[in-house]
Every structure is written in C-alpha cells, then in structure tokens.
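**Q** The following comprises the amino acid sequence and a computationally predicted model.
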Amino acid sequence: MNPPSLLTPDALPVITIDGPSASGKGTVAERVAAVLGFHFLDSGALYRLTALSAMKNGVALDDEARVAELASALPAVFRDGAVWLLNEDVSEAIRAEAVGEGASKVAALPAVRAALLDRQRAYRQAPGLVADGRDMGTVIFPDAVAKVFLTASAEARAERRYKQLIDKGNSASLSALVADMQARDARDTARLVAPLKPAPDALFLDTTSMGVESAVQAVLDHYASCEPRNKL
Ligand code: DC
C-alpha cells in the first residue's frame, strides 16, 4: 500500500455517486466522504453557481459562449459548509428551484461542461474523493474505483424536496414539484453531452424506500468490495 503522498493524483481513489435531482445522493456522498475522511465534490453546485452568476450578470442562459466564460472564471469558494461567490454567501441562493432549473439549462451546453472539467478533476486529492453529480462515473472520473448510480422514484424525490422546502418555511406544491422533477430528469437524460445515465460498471441503488444510513452503508460496502485498483 502506498502512502498517499506518493500517489499521483490519477492514482488516488475516487468514489462516484451519480443520479437524478433530489435522489439524496448529495447527503449520501457527503456522509461517505466524512466516514472515509475523503474530499467531497458537489459538482451540481458548480452548475448552480454558473447559472446564478449568469442570472446576476444579465447573461441569457442559452448564450453558450458567455455562460462558458463565466463558468471558467467562477469566483467560487467552498468554505466550512458554505458556498461563496466573490464576497457573497450564496449557500441558500443556489438551492432555489429557479437556480436548479437554470443549472439544468446551462449544463446542457457543451462549452460550459468543458469549462468546468479541469476544476472538477482538481478535487482529486489525497487521501481520496467522493464526487456527486450526473456524469462523475461516465465522463469526469471514468477510472473511479467505485461507482454508484443512486436514484428514487420521481414521487419520492418530489416528496423529499417538498419536505425540505416546507421545513425551511417556504410554500410548495407537491404536484408542481413532481412535474418539475420529471421535466428536469428528461432534460438531463436527453441532452447530447454527458447525459444522466448509469456508468456500465456502476452499482444501481434505488433509495425509494431506503433511509440515508442504509444508503451510506450500501455505498461503503460497495467500495469495500471493489478491486483494490487505486484504493488506499
Ligand atoms: O445535483 P443538482 O440538483 O445540484 O444539479 C443541478 C443541475 O446541474 C442538474 O439539473 C444537472 C446539472 N448537473 C450536471 O449536468 N452534471 C453534474 N455533474 C451535476 C449537475
């Protein structure tokens, strides 16, 4: 076994967790990273930040060149669980439904995806990384040691999002959330570049009737069972 400091970034272990919105993959990925002491990449946040940045700068979400320019120079900082854009704490703002919708739109633009590629790969640092997104196992880290595709029914995901919104004191409509969820899934799945789809070697985990702890354990078990390729 090599000490982490002797491993080149390409040899460091990566666990990818891909799946549709509100599948719970973010929570699961963050917990798995905490258990293993690994770094954590919330790639969706980068697309959300890009969309927010475009909205703030009056850039149309389908202006591929200008949105890509914003994405490549995103003044974003992740610190102590908060997300900053320049000097503004945007942790709450990037979670708004409108920003998620915008993120899904800018994420369909090839130049935007290309602009965020190196930034995502730079998260691969010792002792390892848990990466959460749509194309982590298929495009960004195809050599990941363990890949998971985490999903749940659109209804279950809409209910989870509904609960989160209500708990935060927002109003929400469950039927509207189910419709939004289905529309976003359709756009993320149908796009030409890096569509949402399981990597051929991913473990398929349906969490419709599974709690967070069981899902975390299933990912840890899967990691433990994977070939020791790139694993510490
Ligand atoms: O995971 P999320 O809901 O924060 O992601 C927001 C949007 O960003 C999602 O609708 C699709 C896009 N996305 C992507 O295309 N590729 C990723 N790796 C992560 C997110």
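**A** Cool, got the structure.
**Q** what residues are up against Ala93?
**A** Counting by C-beta atoms under 8 Å, 6 or more residues apart in numbering, Ala93 makes contact with Leu52, Val99. For glycine as for every other residue, the C-beta is placed from the backbone atoms N, C-alpha and C.
**Q** how about a cut-off of 6 Å?
**A** Contacts for Ala93 (C-beta atoms under 6 Å, 6 or more residues apart in numbering) come out as none.
**Q** I'd like the distance between it and Leu150.
**A** Distance of Ala93 to Leu150, given as C-beta to C-beta, to the nearest Å: 25 Å.
**Q** What's the first helix or strand after the longest helix along the chain?
**A** Ranked by residue count, the top helix of the chain under DSSP state H comes out as helix 174-190. Downstream of helix 174-190, the next assigned helix or strand under DSSP states H and E is strand 203-206.
**Q** Tell me the spatial nearest neighbour of the residue nearest the centre of the chain, not counting adjacent residues.
**A** In the chain, the residue lying closest to the centroid (C-alpha atoms, centre = their mean) is Gly133, at 2.7 Å. Excluding its sequence neighbours, the residue lying closest to Gly133 (C-beta to C-beta, 6 or more residues apart in numbering) is Ser43, at 3.5 Å.
**Q** so that neighbour touches Arg134, yeah?
**A** No - the criterion here is C-beta atoms under 6 Å, and Ser43 misses it with Arg134 at 7.6 Å.
**Q** could you say what helices and strands the helix or strand encompassing Leu150 packs with?
**A** Per DSSP H and E, Leu150 falls inside strand 146-151. Contacts defined by 3 or more C-beta pairs under 6 Å, 6 or more residues apart in numbering; DSSP states H and E place strand 146-151 against strand 14-18, strand 203-206, helix 212-225.
**Q** can you list the residues that contact that strand?
**A** So strand 146-151 is contacted by 15-20, 23, 25, 137, 198-199, 201-206, 219, 222-223, 226 (C-beta under 6 Å, 6+ apart).
**Q** how much space between Ala29 and Glu159?
**A** For Ala29, the distance to Glu159 - C-beta to C-beta - is 20 Å.
**Q** ok, the closest residue to Asp135 other than its chain neighbours - contacts?
**A** Excluding the flanking residues, the one nearest Asp135 by C-beta to C-beta, 6+ apart is Ala194, at 3.8 Å. For Ala194, the contacting residues are Arg113, Asp135, Val139, by C-beta under 6 Å, 6+ apart.
**Q** Now for the second one, how many residues are close by?
**A** Going back to what we said before, that points to Asp135. Residues within reach of Asp135, counting by other C-beta atoms under 10 Å, total 23.
**Q** Could you tell me which residues make contact with Gly26?
**A** Counting by C-beta under 6 Å, 6+ apart, Gly26 has contacts Asp132.
**Q** Where does it fall, secondary structure wise?
**A** helix 25-36.
**Q** Going by neighbour count, which residues in that helix are buried?
**A** By neighbour count on 16 or more other C-beta atoms under 10 Å, the buried set for helix 25-36 is Lys25, Gly26, Val28, Ala29, Glu30, Arg31, Val32, Ala33, Leu36.
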